[in-house]
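Asks: fold the stuff below for me.
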Amino acid sequence: MAKKVEQSEASSEDKARIIKKYPNRRLYDTELSHYIKLDDLYQMIKDQVRFRVIEEKTKNDITQSILLQVLIEQENNHRDVLTVDSLRTLLNFYREPTHAMVGRYLEHCLSIYRDYQISLKSPVNSMLPTDKQASHLHEAAEQAHESWKNSKE
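Replies: Modelled structure (predicted):
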């Protein structure tokens, strides 16, 4: 899973903030010069800060495994995005010869979903200045959906 960090790699990841992971399992933000926790990485993700996690001892890029740890922590904090069934399905793809395509497919689907969310939020945010008003709109939409479902039955 980890890969050696090459100086010749030229990508958007080259401009990413470097987080070092030390043998004592602590994470060190080289830009801010202090230790951080997985919660801090999650905040960086939400703030769309690009980062790479490099294992100090081996110089391996372990960003993927650290992101999985952040995901597990969020799931354990009752975020429940991934159901047991979805995790089983995902794990079963590792047995398939075309498992590499699954990652690209999921990435594409998540990108479309993120763009869709942004397109929905932009007009609503400009019309509704408070979370309370947005909550009322959401409730009204759910009630309308329930009414529509009941009329179909």
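Asks: run the chain-centre distance for the longest helix seen in the chain.
Replies: In the chain, taking DSSP state H as the definition, the longest helix is helix 99-127. Offset of helix 99-127 from its chain centre (CA atoms, centre = their mean, to the nearest Å): 12 Å.
Asks: equivalent analysis for stretch 37-53, please.
Replies: 10 Å.
Asks: so residue 71 is in which element?
Replies: helix 63-74 (DSSP states H and E).
Asks: contacts for that helix next, please.
Replies: Residues from elsewhere that reach helix 63-74 (CB atoms under 8 Å, 6 or more residues apart in numbering): 1-2, 19, 21, 27, 38-39, 41-42, 45, 51-53, 81-82. For the C-beta atoms, the positions are set from N, CA and C on the backbone; glycine is no exception.
Asks: now stretch 26-46
Replies: Stretch 26-46 is contacted by residues 17-22, 51, 53, 56, 66-67, 69-70, 73-74 when judged by CB under 8 Å, 6+ apart.
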